[in-house]
Each structure stands twice: as C-alpha cells, then as structure tokens.
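Q: Dropping a prediction and its sequence here:
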Amino acid sequence: SGMYLIGSGVLLMHSSDNLVLFASLITLLLMFSWWSDVFSEASLEGGHSKKTVNLLKLGMILFIVSEIFLFISPFWAFFHSSSSPNVEIGSIWPPQKVVPFPVEEIPLLNTIILLSSGGTLTAAHHFLLKGEKKHSSSLMKLTILLGMLFTLLQGYEYLEAKFSMSDSSFGSAFFLATGFHGAHVIVGSIFLSACLFQIDKSKISFSQFICFEASAWYWHFVDVVWLFLFISIYWWGS
C-alpha cells in the first residue's frame, strides 16, 4: 500500500487525483485492521506474551528505520542542489525569484508546537505507567490537538507560499520533504487517537500497552525529523 500511495502521489502531479484517494483509503484500512488486531489480542485474548511484545517492538523499530531511509532521499536532494546550484537557477541558492519562508514565523511556531507535543506525550506515558488513566488521557488529547494545530499551520503555510513544487529544485525538495513529514504527522495523530480510544475504554492493561509505546516512538521520530527539516531546509537552506 505504501508503494501504491507513493506512485499515486507521482500521478497526482500530472492531474490524476483519484488514485491518491483510493491509495489513502487502502492505507487507512490496513492501519485500522492492524490496530484492531493488536488491541484484540491485548485485551480480549489474554494479553500479549513476552515474545510477542518483543517481536512487535522489533517490527516497529525496523519500520522506523525504513522511514529514516525514506526521508534521506529528499534531504539528499536538497543538500545536493543547494551545495552546488547550477546555472539554470542562476548559480545561487535559493534560486532567483524564489522567496523562502521567514524562519522566525510559522516554521519556528510549528517547531515549538511539535516539541511541546513530544513533551506532553512523554508525560502521558509516565502517567499511564503509574495507572493514572485520567491524567494520561488528558495529556494524550492535548498531544493530538497540538498535532492537528501543526497540520493546520503547515497547510496555511502552503497556501501562503510564494513558490510552488515546480519552481526549481528548491520548490521540489521543499514540498517533498515537508509534505512527507506532514503526512507522517497526520498518521501519527490517527495512531495516537486510536490509542486514546482504548485508554478511555479501559480495554487494554497498562503493563501490556505495546501499541501506545509504538505510537510514542513514532511520534518522537516525527519530532526529530522536523528538527532536521527546520535546521536544514528552513534555516540553513534559506
């Protein structure tokens, strides 16, 4: 489904948006099917064994490693283009007539928001381990709201952009990197929402809540990627 989603994203650039919608629906279906299976095993079928928990953790670690390599591509493209800008873009970086975003405005605000969400999620994890479900649930909701606010501000930034994806290698690398990251924030918000639903329903024991740990790892990974994006593309690249 991931390859299909990426392929449909390429076709989207050629005015073919139906496949993107279909690929997104398939991806969401697979996500919810996996979560439903994990939640069912943890709550209705006696809980996960130690071996199962270790395998789930290993699977999540390998998934995050694969995501790291996915993000290496747009970063590599950006650094390659910016380190030796060619004559077609005036041999300067950013290219002529491409106005980058002011670092101290939305990019800095989004950095504060996303790092704050990482802090609230860590606090929610600690409360969950102590069995304080109410405090954990409140902090989880705050984390999800911060993620949604980040997504809205990112969308507003795209609307206000003075360049597009077709404006030289700068525009292509910028929208590819930030777009990938924005998609991961949306997936992470959905992941956290699924865990929040289970916490509020008290369907999973706190000692075996592997899905929550996986969502926390994923969210912190998204935080780290954004820091690299902010430093390299918004600050250094502009």
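A: Looks like it came in fine. Numbers count the residues shown, from 1 in each chain.

Q: Run through the residues that contact Gln31.
A: To be clear, residue 31 is Met; Gln isn't right here. Contacts for Met31 (Cβ atoms under 8 Å, 6 or more residues apart in numbering) come out as 187, 190-191. (Glycine included, C-beta is placed from N, CA and C.)

Q: try 7 Å
A: Applying Cβ atoms under 7 Å, 6 or more residues apart in numbering to Met31 gives the contacts Ile190.

Q: Name the next helix or strand downstream of the helix or strand harbouring it, please.
A: Per DSSP states H and E, Met31 falls inside helix 18-43. In the C-terminal direction, the helix or strand that comes right after helix 18-43 (DSSP H and E) is helix 50-83.

Q: Identify each buried residue in stretch 112-132, please.
A: 113-114, 116-118, 120-121, 123-125, 127-128 (16 or more other Cβ atoms under 10 Å).

Q: Can you tell me which of the residues you listed comes closest to Ser81?
A: Nearest to Ser81 among the buried residues of stretch 112-132, counting by Cβ to Cβ, is Leu114 at 25.4 Å.

Q: contacting residues around the helix or strand hosting that closest one?
A: Using DSSP H and E, Leu114 maps to helix 106-129. Contacts of helix 106-129 with the rest of the structure, by Cβ under 7 Å, 6+ apart, involve 101, 135-136, 139-140, 142-143, 146-147, 149-150, 153-154, 157, 206, 209, 212, 216, 219-220, 223, 226, 230, 234.

Q: And the residue nearest the centre of this protein?
A: Nearest to the mean C-alpha position of the chain, by Cα atoms, centre = their mean, lies His184 at 2.3 Å.

Q: ok now do the nearest residue to that one once chain neighbours are set aside, which residues does it touch?
A: Nearest residue to His184, sequence neighbours excluded (Cβ to Cβ, 6 or more residues apart in numbering): Val222, at 5.1 Å. Val222 makes contact with 181, 184-185, 188 under the criterion Cβ under 7 Å, 6+ apart.

Q: Now do Val222, the pLDDT please.
A: At Val222, the model reports a pLDDT of 94.

Q: Offset the numbering so it begins at 13, please.
A: Noted, 13 is the first residue going forward, which turns the last one into Val234.

Q: Quick check: which element contains it?
A: Using DSSP H and E, Val234 sits within helix 222-241.

Q: For stretch 106-123, buried residues please.
A: Buried residues in stretch 106-123 (16+ other Cβ under 10 Å): 106-107, 110, 112-113, 115, 118-119, 122-123.

Q: Any quick PyMOL command for the buried ones out of the contacts of Val234?
A: PyMOL command restricting the contacts of Val234 to the buried ones, with burial defined by 16+ other Cβ under 10 Å:
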select buried, resi 193+196+197+200
